[in-house]
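**Student:** Just a sequence and a predicted model for now, questions to come.
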Amino acid sequence: FRLGGIFFDTEMKLAEAFDSAIEEVNAGSLDLRLEPIKHYLSVDDSIVLQEISCDLIGNGVAAIFGPSSKTIGDIVEVLCNITGIPHLQFDWHPQKSARERLNHQMTVNVAPMELVLSSALSDILGSKSFDWKSFTIAYEKSSHLTRLQHILAWKQLHKTGIKMQEFERGDDYRILWKRISNTREKFVLLDCPSDILVDVINASIGFNMTGSFNNLFLTNLDTHVSGIDRFYSREFTVAVAAVRIRSYIPPPVHDEIDVFDNEVDTMFDSLKTQLVYDTVVLFFNALLELTKLSGFYPPQLSCGQGFWQPGPRLIQQMKSLSPKQVKPPFKTQRLRINADGQREDFNLEVYNPLIDRVTHIWNKEFQLVSFDTIRENSTQAVKQKRLENKEDFSQKPVRYTVATRVGKPYFSWREEPEGVHYEGNERFEGYAVDLIYKLAEECNFDFNFEPVRDNKYGSYDAATDEWDGIIRQLIDNNAQIGICDLTITQARRSVVDFTVPFMQLGISILSYKEPPPKADIYAFLNPYGVEVWLYVMIAMMITAMALILTGRLDSYEWEHPVQNDQSEMQQENIWHLHNTMWLVLGSILNQGCDILPRGLPMRLLTAFWWIFALLISQTYIAKLAAFITSSKIAGDIASLHDLIDQNKVQFGTIRGGATSVYFSESNDTENRMAWNKMLSFKPDAFTKNNEEGVDRVKLSRGTYAFLMETTNLQYYVQRNCELTQIGESFGEKHYGIAVPLNANFRSNLSVGILKLSEKGILYNLRNKWFNSNESTCDVDAATIDDGQFDMDSVGGLFVVLVVGVTVAFVIGVAEFLWHVQRIAVKERITPMVALKAEFHFLIRFWLTKKPLHTYRQSRDSTSTGYSSLEQLSITSSAKKRKKSRRRST
């Protein structure tokens, strides 16, 4: 029987596979032989196709094979349907509607249905083994997007968005990868012909798309013959997965034809050549079964004349054949034709094309199944064992590169004692270092610390459309973990993922702590200057003298006349210096006086002095209260509001840091005002890092404040006695560990952080690095000001009191001695006797009445203190006075 074949002149390999398949089936049967008749096309032309088809029908072919899907029209299907000649297809043609299939009842296609392939790809990407949440589809313009219709209709993916990138054969493929790289995409589904696949993937190397956290899924079913294995190296660590129709695995053969024959048959490596072979085998076995029945005859007809009656029976026989019935076996597994002439069943391999290692098998009935759970025959087991010796560089590493930045107390270089040299991770210390060590123990991974060169956290530059710092290292796949005092922000979450927070904090104001002023015990004199105090004392002296003069001028200030010792009438004036100074001093101290003026001039003068004294004293009290209050609150900034409302102290934060983003993107009026003031300050109020901000606060000595995270602020305040925190914290923030987008180990790190928190390890680490007892600041100097005064503040008052008491005592002693001297002179006794007598009475505190004479010259004394000598002295004095009176008479 003759079998017609129609090929394009660019499909010579398919034509050779066609011939090889016919030779192989002919060699296995003596009852039936096939004779190929081939025609070639240079262009897709319906008229030429019609002529070729009619020529083949006229030559008595039992079936027409081809042409491929490069043809647009269906003239061959229509002619075969009219004449009853079976039409055999081996690749993908547009899906036909029910009405269109009425004109294609004689057509059989052994290529897997694209609708089922689409369902298979959707099942694979949505499985737990892949679990792609979002990705970019890069497809060549001529690709069959029908295979992706289930993915495009996957509602779950549309929550995050599917990005589509189209390119054409011959384009500069670097443009494609540049566009994908700009979107920070880590998951790419690539659908393109196998002959340009290597060139397309090679263009991605320059855009950091081949790192260990990139994922590439190849949908072309001929990826295994594209030469992609040339990328196998330690530098090409992208996780690559591809699919292909699983081939038939022959049973083990124990005899050797030629042990030295190492030639490998590559005739049927590609899927199309395998499908060509399967088409020939299917037709041959169906034809072989029909030839055994009576009534079967070769076709002898021409176009438009006659209908081959065995044709439909031959089609029906092809639909009823099972893979176990055909000989030789099909090249692809589970080939069965349904009632519509389509192939719905097949096994689809998911494999790593770099090392040709199968990981999963998809089947319409069983869905996606791990290859390890599928039982293999001995031949395949040996082959698989041989392939397992080849290392898979795309597997996720168990040793992570940890990107961080130098900044105490999170990460810093460890000081090396003399004679000691640290290597590797031992070179570093800090909170982040200890946290990673604990996480590594909890999650079972190794790591290497790599400080970023620019020592930045990671901020976005709109001018260059690039990120820097730790975030850039994660985006470029140069690191798998990023940790430091890295704040979780929405902008950063758009390009990297974060674990659950390991620390919660806020923003506080770091300021210079003014040294406490030296204690001034005479601070109560500060309300008035020295000049004012001098004028007040001069005014007191002048007023006292004026009162003396006025009192002597005013007749009402003289006492009533009294008789003196000489029996003369005398008037006494009480306004002498002692009394006037007492009146002046008592008035200005608001204490009053026991003597008051009676005359009008004295009362007027005293009244005006009282007015002056009242104003002076009350003004002093008011000024003293204001001075004390202002000295305690002068220059105080207690909150961000106070900081904004003043112009003396400038303030700023880290440029491009999370704190600056908090202010720049806030909708709060106060935060926006703070941001605008920071932008307007000259010189620039922003710093490169926390260390620069802390140094600037210390050097400014009160003219600059720094806005920073509370944890860092507490660390620096404890170690710098001249720094302090102003007000309460605000703006809740969180620190987290950054990982590349869609990194599958992020959840493990998050679980590890939660476990460390539950065990109290995070609390202990925070105490270790932020609340250490290494502070050298004076604790007493940092006491809270509760508004009370200490002795340093009021000591001057006690000094005045002591001086007053001392002066009064000295004057009292002087008067006492003067009084003793007067007694000695008057009584004509020695000063010592008079002193002893007065002192003896002085120390007898229980006596409240004092005799006129307290001295004595003998030991005899009465209970009242009078001695016998004293009695005699008094008597003799009286006698002397009588004698003198007699003489005078």
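**Tutor:** The structure has been received and is ready for your questions.
**Student:** In this protein, where is pLDDT below threshold?
**Tutor:** In the prediction, the chain carries residues with pLDDT under 70 at positions 155-160, 251-265, 375-397, 516-522, 627-636, 772-797, 852-889.
**Student:** Where is the longest strand in it?
**Tutor:** Ranked by residue count and defined by DSSP state E, the top strand of the chain is strand 723-735.
**Student:** For Arg147, give me its contacts.
**Tutor:** 114, 117-118, 121, 191, 219 (Cβ atoms under 8 Å, 6 or more residues apart in numbering). Bear in mind the C-beta positions are built from the backbone N, C-alpha and C, glycine included.
**Student:** redo that, cut-off 7 Å
**Tutor:** Arg147 makes contact with 114, 117-118, 121, 219, according to Cβ atoms under 7 Å, 6 or more residues apart in numbering.
**Student:** likewise Asp340?
**Tutor:** Arg101.
**Student:** Could you measure from it over to Gln165?
**Tutor:** Asp340 is 34 Å from Gln165, where distance means Cβ to Cβ, to the nearest Å.
**Student:** Which residue ranges of the stretch 551-700 of the chain form helices?
**Tutor:** Counting by DSSP state H, counting those that start in this stretch, the stretch 551-700 of the chain has helices at residues 577-588, 600-633, 640-644, 658-664, 669-680, 690-700.
**Student:** ok, and for the third one, which residues are buried?
**Tutor:** Neighbour counts using 16 or more other Cβ atoms under 10 Å place 640, 643-644 of helix 640-644 among the buried residues.
**Student:** Same check on the longest one?
**Tutor:** Taking 16+ other Cβ under 10 Å as the neighbour-count basis, helix 600-633 is seen to contain the buried residues 601-602, 605-606, 609, 612-613, 616, 620, 624, 628.
**Student:** for that helix, packing partners?
**Tutor:** helix 530-553, helix 577-588 (3 or more Cβ pairs under 7 Å, 6 or more residues apart in numbering; DSSP states H and E).
**Student:** Highest mean neighbour count out of the ones you listed?
**Tutor:** helix 577-588 (a mean of 18; mean count of other Cβ atoms under 10 Å).
**Student:** Is Lys96 in a helix, a strand, or coil?
**Tutor:** Look at Lys96: counting by DSSP: H, G, I helix; E, B strand; the rest coil, its state is coil.
**Student:** returning to what we had before: any chance of the helices and strands packed on helix 600-633 in a markdown table, with distance to Thr183 too?
**Tutor:** Conversion of the helices and strands packed on helix 600-633 to a markdown table gives the following (distance: least, Cβ to Cβ, whole Å):
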| stretch | distance to Thr183 |
| --- | --- |
| helix 530-553 | 77 |
| helix 577-588 | 85 |
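**Student:** Ok, which of those comes nearest Asn671?
**Tutor:** helix 530-553 (48.0 Å; Cβ to Cβ).
**Student:** Measure how the closest one sits relative to helix 600-633, angle-wise.
**Tutor:** Angle of helix 530-553 versus helix 600-633, following axes from the mean of the first three to the mean of the last three Cα atoms, to 10 degrees, is 160 degrees.
**Student:** Flag every buried residue along stretch 724-731.
**Tutor:** For stretch 724-731, burial by neighbour count (16+ other Cβ under 10 Å) applies to 724-726, 729-731.
**Student:** Return the member of those residues nearest to Ser129.
**Tutor:** Using Cβ to Cβ, Gly731 comes nearest to Ser129 of those, at 42.0 Å.
**Student:** The closest residue to that closest one other than its chain neighbours: which element?
**Tutor:** Computed as Cβ to Cβ, 6 or more residues apart in numbering, the closest residue to Gly731 that is not its neighbour in sequence is Ile507, at 4.3 Å. Here Ile507, judged by DSSP states H and E, is contained in strand 503-512.
**Student:** For that strand, enumerate the helices and strands it packs against.
**Tutor:** If contacts are counted by 3+ Cβ pairs under 7 Å, 6+ apart, strand 503-512 sits against helix 690-700, strand 704-709, helix 710-719, strand 723-735.
**Student:** Throw the ones you listed into CSV and include distance to Thr489, thanks.
**Tutor:** Listed next are the helices and strands packed on strand 503-512 as CSV, based on distance: least, Cβ to Cβ, whole Å:
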stretch, distance to Thr489
helix 690-700, 17
strand 704-709, 13
helix 710-719, 17
strand 723-735, 9
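**Student:** Out of those, flag the one nearest Asp345.
**Tutor:** Of all the helices and strands packed on strand 503-512, it is strand 723-735 that lies closest to Asp345, at 52.3 Å by Cβ to Cβ.
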